[in-house]
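A.B. asks: build me a structure from this.
(one chain, ligands or ions: 1)
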Amino acid sequence: MSCIFCQIISGEIPGEILHQDDEVIAFRDINPRAPIHILIVPRKHLAALSDLTEEELPILGKMAGIAKKLAEGEGISERGYRIVVNCGPEGGQLVPHLHMHLLGGRQLSDEMG
Ligand code: DGP
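C.D. replies: You can find the predicted model right below:
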């Protein structure tokens with residue numbers, strides 16, 4: 001199994017896990033770009049947003065709901081935060097396993113790219 005996120009999901013390599021259920025797990029990013037930087041990841045190996053079928057799309061809503069709850073738990077709901085899904089090479093996706101970034105805890109740049 002070579003996918004780094006699949007290895008974290010299986011427990012083969014450690015991650016600071018903040019949420020897990022039957023479909024999704026969330027853990028802190030190893031290279032945080034903000035004081036709070038959490039990755040929300042489906043357990044199923046889905047490569048990228050562009051690969052999702054119509055049937056798989058609802059996982060994104062579930063991931064966003066978990067991001068919302070994690071932001072509440074981290075105490076950044078009022079201040080605000082950003083969720084980001086990078087897709088493919090030009091989208092800056094380095095890990096080919098669908099994931100959502102939750103970033104917050106500082107004023108984020110208004111640059112979107
Ligand atoms: P992206 O560029 O959207 O594919 O972001 C991938 C993120 O994954 C990046 O911010 C760093 C993070 N990451 C890579 N390897 C590991 C790891 O082994 N553990 C954790 N916790 N995060 C990782």
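A.B. asks: hey, let's count contacts and neighbours off CA atoms from now on
C.D. replies: OK.
A.B. asks: just the element for residue 61, please.
C.D. replies: Following DSSP states H and E, one finds residue 61 within helix 58-74.
A.B. asks: and the helix or strand following that helix, how far out from the chain's middle?
C.D. replies: Downstream of helix 58-74, the next assigned helix or strand under DSSP H and E is strand 81-84. How far strand 81-84 lies from its chain's middle: 10 Å, per CA atoms, centre = their mean, to the nearest Å.
A.B. asks: whichever helix or strand comes after strand 81-84 near the ligand at all?
C.D. replies: Counting by DSSP H and E, the next helix or strand C-terminal to strand 81-84 is strand 100-104. No. Under the criterion of CA under 6 Å from any ligand atom, the ligand is not reached by strand 100-104; the shortest gap measures 7.1 Å.
A.B. asks: angle of the helix holding residue 61 against strand 100-104?
C.D. replies: 20 degrees (axes from the mean of the first three to the mean of the last three CA atoms, to 10 degrees).
A.B. asks: show me which residues of helix 58-74 are buried.
C.D. replies: 60, 63-64, 66-68, 70-71 (16 or more other CA atoms under 10 Å).
A.B. asks: again, but for stretch 17-24
C.D. replies: 20, 24.
A.B. asks: hmm, that stretch in reach of the ligand?
C.D. replies: No. Against the ligand, stretch 17-24 shows no contacts by CA under 6 Å from any ligand atom, the least distance being 8.6 Å.
A.B. asks: returning to that earlier point: adding pLDDT, write the buried residues of helix 58-74 out as a markdown table.
C.D. replies: Output for the buried residues of helix 58-74, formatted as a markdown table (pLDDT from 0 to 100):
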| residue | pLDDT |
| --- | --- |
| 60 | 98 |
| 63 | 98 |
| 64 | 98 |
| 66 | 98 |
| 67 | 98 |
| 68 | 98 |
| 70 | 98 |
| 71 | 98 |
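A.B. asks: flag every residue of this protein that's near the ligand.
C.D. replies: 4, 15, 28-31, 86, 92-95.
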